[in-house]
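Colleague: this one's structure only:
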């Protein structure tokens, strides 16, 4: 969904540039902001995956300790 929103924003910028003759800098900065946003979301998902794995390992170890 995030990628779709970013793609629509880039497409809208291209249309604005073609029809309204906005500056190319607007397109450049918006594209740059989009890619920074995508990288931020990617690393946030990686952090969530790491936290989930830590919780699974902790729960497994605590259950293993109860059985012994």
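Modeller: Thanks, I have it. The structure displayed is predicted, hence computed values, not measured ones.

Colleague: in this structure, where is pLDDT below threshold?
Modeller: Within the chain, the stretches with pLDDT under 70 are 1-3, 21-24, 47, 61, 63-68.

Colleague: just checking, next helix/strand downstream of the host helix or strand of residue 18?
Modeller: Using DSSP states H and E, the element containing residue 18 is helix 2-20. Counting by DSSP H and E, the next helix or strand C-terminal to helix 2-20 is helix 24-67.

Colleague: relative orientation of that following helix and helix 2-20 in degrees?
Modeller: Interaxial angle, helix 24-67 versus helix 2-20 (axes from the mean of the first three to the mean of the last three C-alpha atoms, to 10 degrees): 180 degrees.

Colleague: gap between the residue nearest to the spatial centre of the chain and residue 53?
Modeller: By C-alpha atoms, centre = their mean, the chain has its centre lying nearest to residue 41, at 2.3 Å. Residue 41 sits 19 Å away from residue 53, going by C-beta to C-beta, to the nearest Å. Any C-beta I mention is one placed from the backbone N, CA and C, and that applies to glycine too.
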